[in-house]
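Q: Generate coordinates for the sequence data below:
(one chain, ligands or ions: 1)
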Amino acid sequence: MKPAQMAAAATNIQHLSDRTLPQVPSAVLRPSYDRAGTRIGTVHFGPGAFHRSHQAFYFDRLLERDGNRAICAVSLKTRSVRDALTPQDGLYTLVEIDVVPTVRVIGSIREVLVATEDPTALSRRLSAPDTSLITITVTEKGYCLDGAGGLDFDHPDIVHDLGNPETPRSLVGWLVHGLQLRHERGLAPCLVVSCDNLSDNGTTLRRAVLAFAARRDRALAGWIEEQARFPRTMVDSITPATDTALRSRVAQALGMQDAWPIQREPFAQWVVEETDFAGQPDWASVGVTVSRDVSAYERAKLRLLNGAHSTLAYLGLLAGLETVAQAMAQPALRAFIERLMLEDIEPTLAVPRGEELIAYRQSILRRFENPAMRHQLGQIAWDGSQKLPIRILGTLADAIRAGRPLTRLVLPIAGWMHFLRAQVANNKPIVDPLCEQLTACAKRATGESQHDLAMFLELPGVFAAGLVGSAEFVRTLGGAYDLIARRGPLAAVAP
Ligand code: CS2
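A: Sure thing, here's the model as predicted:
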């Protein structure tokens, strides 16, 4: 085909939109509600793949019952989601990867904004009477926290936002600006719902917002403290990054192009803390668990699922593996992960108890082994300086206090350090807010623990003083570090 013909053919390719949606084959599920009749009642910060695989899926079901729950999705800085979804009227395809995949067009996102490009539109949305809910998935680094879980007032975005409150750059800056506008207009605040993998996410976010607001205006901080609600949540659905295979599968299923389809496992769970806030969604009507004790769900998920995920990521990548399923197919790694969960992580979980915990562990292992899910270890390996304190180091601190062995728990930490060295040695990027410091450490590292650990353990905001001050932790970590250097990750995890 001549280039001109190819160009013509290319322009004839249909793209997903409200106009073309009726042409999508009936086997593809789609919104059963009238999208044009919905109203935006939710502002979401961080419309990455996980938001689109999880919260936006639940809101698509909510909109069947309540037309006021459409989403304005906000990227703080990046344009890619806005540029992909706006031409599609916010529509995108979600594929649940299973023996028989479920293909569904999601319609809950009605508007996508880029905060740095359209602060006025975002301010207007945040202070609109229709807006009652703010949800958030900006990942751990998006909260601008220090190593102790408080707001980092030295963070460049926080410094900027305190000096430029009308045009924030950070999530916290935007939340306080939006709540201030609502207060000035005599509107109720919003229900502010963190959906990130943070310990005690709602409380952590509330503390950061109040600290920032107090620097701006103590009366405003008092109003937020009294009126706004920041429920804790636990969110769960394994969401591999969009890849070529998914794009082809969706183009074939739809008979047209979707600029950014999303995939996830069939399993999805959302637990939201019971909160006295008028006008919140009928969460239970769409399968969301409302609970007074989210912390039990959250601790179990962050430590068992996410702790095992990060362990597989670093040790699997060092072993030359690419996906979670490949790592689980390695008998030594799979046996190690199950023992780590059973003997090192579960003793730190008060609930769920007994049979429930056994079933939960086994469900996680089954989910990890799903061969249909090409979940990249490299994706999980991102942001280790932010993830490991939440996923592994807290469990380590509990083990030290309880006098339990550290031998298995230090291996993912040693694996992370060797992973950083390998990234630098192979000229691959370190995706992490501390990438400069991590790269400097990795470059100077020799692979010998006596020399290297002193550098890594001084990384800002990663290793709490209690850990660094524990001779047993440093000794055991050094032994694991040298073992991986000498014999490699698979030998290191062998019983
Ligand atoms: C993963 C999580 O990328 C990662 O760090 O561990 O995104 C994980 O897939 C989700 O928390 C599962 O709910």
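
Q: Just give me the neighbour total for E346.
A: Other residues within reach of E346, judged by other C-beta atoms under 10 Å, total 19. Where C-beta positions appear, they are placed from N, C-alpha and C, glycine not excepted.

Q: Provide a list of residues in contact with the one residue in the stretch 301-450 of the chain that gets nearest to the ligand.
A: Sorted by distance to the ligand under C-beta to the nearest ligand atom, the residues of the stretch 301-450 of the chain start with H309, at 3.6 Å. With contacts defined as C-beta atoms under 8 Å, 6 or more residues apart in numbering, H309 is in contact with 324, 368, 380, 391.

Q: pretty sure the third one is touching G307, no?
A: The reference is to I380. No. Look at I380 against G307 with C-beta atoms under 8 Å: they stay out of range, at 11.3 Å.

Q: So between these two, which is more surrounded?
A: Neighbours were tallied for I380 and for G307 using other C-beta under 10 Å; the higher tally belongs to G307 (27 against 24).

Q: Leaving out chain neighbours, which residue sits closest to K387?
A: Nearest in space to K387, with sequence neighbours left out and distances taken as C-beta to C-beta, 6 or more residues apart in numbering, is S310 at 5.8 Å.

Q: Show me where the stretch 351-495 of the chain has its helices.
A: Remark: helices of the stretch 351-495 of the chain, listed N- to C-terminal, are 354-369, 377-380, 384-388, 394-402, 411-425, 435-444, 449-456, 465-468, 471-493; assignment by DSSP state H, counting those that start in this stretch.

Q: Which of those helices sits closest to I224?
A: Put simply, out of the helices of the stretch 351-495 of the chain the one that sits nearest I224 is helix 384-388, at 25.2 Å, with distance taken as C-beta to C-beta.

Q: Next one: the residue of the stretch 51-200 of the chain at minimum distance from the ligand from R408, what distance?
A: Using C-beta to the nearest ligand atom, the closest approach of the stretch 51-200 of the chain to the ligand is made by N197 at 5.2 Å. Relative to R408, N197 is positioned 22 Å away (C-beta to C-beta, to the nearest Å).

Q: Test my guess that the residue nearest to K387 contacts P389.
A: No. Distance between S310 and P389: 10.8 Å, which falls outside the contact criterion (C-beta under 8 Å).

Q: With neighbour numbers in mind, choose between these two.
A: Taking other C-beta under 10 Å, S310 and P389 do not tie; S310 has more neighbours (24 against 21).

Q: so what's that one up against?
A: When the contact criterion is C-beta under 8 Å, 6+ apart, the partners of S310 are 380-381, 384, 387-388, 391-392, 412, 416.

Q: In a helix, it, correct?
A: Yes. When DSSP: H, G, I helix; E, B strand; the rest coil is applied, S310 is found to be in a helix.

Q: so what's it scoring on pLDDT?
A: The confidence metric pLDDT takes the value 98 at S310.
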